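Colleague: predicted coordinates and the sequence they were generated for:
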Amino acid sequence: MRRSENRILTTHVGSLVRPASIVVAMRAKEAGQAYDEGKLASDVKAAVADVVHRQKQAGIDIPSDGEQGKTGFFRYLFDRLENIKPTVQEPGQYRTPLAPGLDRRDFADFYAQYDPLAATMWLPPEVERTPVPAPGRAVCDGPLSYKGQDALKTELETFRAAVTAEGFDEAFVPASSATIINNVTDNQYYKDGEAYVYGVADALKTEYETIANAGFVLQVDAPEMPGMYDRMQAEGGSIEDYRRFANLCVDVTNHALQNVPEEQVRYHICWGSWNGPHTGDIPLRDLADILLRVKAQAYSVEAANPRHEHEWEVWRNVKLPDGKILIPGVIAHTTNVVEHPELVAMRLKNYASVVGRENVIGGSDCGFSQGWNAARVHPQIQWAKLKALSDGAALASKQLW
């Protein structure tokens, strides 16, 4: 994994807004309607080449494929894991597949208006706004195994061609954590939740190892690790209850990563991707020690979100182990305000001052479109933010070197 040896490098969390042609097809797929699979595959290939090229233009050093071919950052697993069956809700009956947390309880009126809008706000104009069946909780009704080898092979070959064409030295591939599945599915087969997530981890070893063997950096996406605290609070859970859950997340992740070299792994956490209050978020100081147990060389954390921007100071008291890297989000996916490069530089210098300049890579708080209908900003804003990230990293580098 590259380090910021001569300047601050830049990357992001993975997902990028999909073009209209892909969104139309994925909308139809989600609704159980007919769509042209061949055209979707062709459109994905073209979109990957385009987003990799545009990352190069924006000055990003370590790109992804934008998750252009995935319906969602974890929901794609429903196509790749045997015995996971997705369900849908009736049109217009929006209900998050996640259990409500403290934030949603305390700001119920806000979320009643926000949730239906969030799924359509930044859909391309070509996409119908009429309600479609919304994803519900999937069901696990048998032993899990990995069946997505062909889809993964195509995904990696497509990405390889794009990064080779643009001359990138390093690139990363996001993959879902094993533990998020327990939060968005109903387990009807395994004896308990712990056995279930270890079953997911065993199945995901194939995906993780294939990505690493292909020469890419593997990013494990685990928003549930900090995010579950908010939901546990709503149910009367304690910080001790949460820390047991977070440690389980780490143990399960490390189990899935047994055969993946640590220097090819980065681990992403966030407190959710919505533009909401986030008053129920757990402070970083209460999970940083657990985070560092993950078998990864780099840790990607939210740092531009107004609820967490101050937490760079946590690393004054929590020592980043030798050889590790922090990827703080210095641009936010929750606002369409484009950060000034000087603000980006300031944030990066704050982190460099506590962990060392060579141990910092500039990133984003989270993905810009975690699902086909979950674009968090307008695509024009997305690219402007990534350019601000690279410009800010250049400013910081001039001052740090």
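Modeller: On my side now, so go ahead.
Colleague: how about the helices of the protein, start to end?
Modeller: With DSSP state H, the ranges of helices along the chain come out as 20-30, 37-58, 102-106, 108-118, 149-166, 181-184, 193-213, 224-234, 239-256, 288-291, 314-317, 341-355, 379-400.
Colleague: so what does the third one touch, helix or strand wise?
Modeller: Helix 102-106 is packed against helix 224-234, with contacts defined by 3 or more Cβ pairs under 8 Å, 6 or more residues apart in numbering; DSSP states H and E. Quick note: C-beta positions are derived from backbone N, CA and C, even for glycine.
Colleague: and the helix it packs on with helix 239-256, angle?
Modeller: Helix 224-234 and helix 239-256 are oriented at 150 degrees to each other (axes from the mean of the first three to the mean of the last three Cα atoms, to 10 degrees).
Colleague: let me see the residues that make contact with helix 224-234.
Modeller: 98-105, 177, 179-180, 183, 237, 241-242, 245-246, 249-250, 269-272, 280-282, 284, 287, 290-291 (Cβ atoms under 8 Å, 6 or more residues apart in numbering).
Colleague: are any of those buried, and which?
Modeller: 98, 101-104, 177, 179-180, 183, 237, 242, 245-246, 249-250, 269-272, 280-282, 284, 287, 290-291 (16 or more other Cβ atoms under 10 Å).
Colleague: okay, now the unreliable bits of the stretch 101-250 of the chain?
Modeller: For the stretch 101-250 of the chain, the stretches with pLDDT under 70 are 130-136.
Colleague: hmm, try it at 80
Modeller: Scanning the stretch 101-250 of the chain for pLDDT under 80 picks out 119-120, 128-137.
Colleague: buried set for the lengthiest strand in the chain?
Modeller: Longest strand in the chain, counting residues (DSSP state E): strand 138-146. Buried residues in strand 138-146, counting neighbours by 16+ other Cβ under 10 Å, are found at Ala138, Val139, Cys140, Leu144, Tyr146.
Colleague: specify the beta-bridge partners of the third one.
Modeller: When you say that, I think you mean Cys140. Following DSSP bridges, Cys140 is listed with bridge partners Ile84, Asn187.
Colleague: would you agree it is in contact with Asp186?
Modeller: Yes: using Cβ atoms under 8 Å, Cys140 is in contact with Asp186, at 7.1 Å.
Colleague: now Ala165: how far from Gly69?
Modeller: For Ala165, the distance to Gly69 equals 17 Å [Cβ to Cβ, to the nearest Å].
Colleague: just to revisit the earlier point, looking at the helices of the chain, which is nearest to Gln370?
Modeller: helix 108-118 (10.9 Å; Cβ to Cβ).
Colleague: tell me the buried residues in the closest one?
Modeller: Residues of helix 108-118 classed as buried: Tyr111, Asp115, Ala118 (neighbour count, 16+ other Cβ under 10 Å).
Colleague: just give me the neighbour total for the closest residue to the last one other than its chain neighbours.
Modeller: Counting by Cβ to Cβ, 6 or more residues apart in numbering, Trp274 is the residue found nearest to Ala118 once chain neighbours are left out, at 6.3 Å. By other Cβ atoms under 10 Å, 20 other residues sit near Trp274.
Colleague: compare Ala165 and Gly69 (neighbour count), which wins?
Modeller: Looking at Ala165 and Gly69 with other Cβ under 10 Å, you find the greater number of neighbours at Gly69, namely 22 against 12.
Colleague: excluding covalently adjacent residues, which one is nearest to that one?
Modeller: Val44 (4.1 Å).
Colleague: contacts only, for that neighbour.
Modeller: Contacts for Val44 were tallied using Cβ under 8 Å, 6+ apart; they are Ile22, Gln68, Gly69, Thr158.
Colleague: with distance to Ala212 as extra columns, can I get those in TSV?
Modeller: Output for these, formatted as TSV (distance: Cβ to Cβ, whole Å):
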residue	distance to Ala212
Ile22	27
Gln68	21
Gly69	19
Thr158	18
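Colleague: top of the residues you listed by neighbour count?
Modeller: For the contacts of Val44, the largest number of neighbours (other Cβ under 10 Å) sits with Gln68, at 27 neighbours.
Colleague: without its sequence neighbours, what residue ends up closest to that one?
Modeller: Ala47 (4.2 Å).
Colleague: look up how far Asn373 lies from the one you found.
Modeller: 16 Å.
Colleague: and Lys70, by the same measure?
Modeller: 13 Å.
Colleague: and if you look at Ala28?
Modeller: If you go by Cβ to Cβ, the gap between Ala28 and Asn373 works out to 12 Å.
Colleague: do Ala234 as well
Modeller: For Ala234, the distance to Asn373 equals 26 Å [Cβ to Cβ].
Colleague: who's more crowded, those two?
Modeller: For Ala234 versus Asn373, the count of surrounding residues by other Cβ under 10 Å is larger for Asn373: 23 against 17.
Colleague: report the rounded mean pLDDT for stretch 297-305.
Modeller: Averaging pLDDT along stretch 297-305 gives 97.
Colleague: can you dump the C-alpha atoms of that stretch in CSV for me?
Modeller: C-alpha atoms of stretch 297-305 as CSV (Å, rounded to 0.1, in the frame of the first residue of the first chain):
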residue,chain,number,x,y,z
GLN,A,297,-2.8,-1.3,7.3
ALA,A,298,-5.1,1.7,6.8
TYR,A,299,-8.2,3.0,8.5
SER,A,300,-10.7,5.2,6.8
VAL,A,301,-12.8,7.4,9.1
GLU,A,302,-15.3,10.3,8.9
ALA,A,303,-13.6,13.6,9.7
ALA,A,304,-15.5,16.3,7.7
ASN,A,305,-18.9,15.5,9.2
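Colleague: what are the contacting residues of that stretch?
Modeller: By Cβ under 8 Å, 6+ apart, the list of residues contacting stretch 297-305 reads 1, 13, 219, 262-271, 278, 284, 291-292, 308-309, 311-312, 323-332, 334, 339, 347, 351, 361, 363-366.
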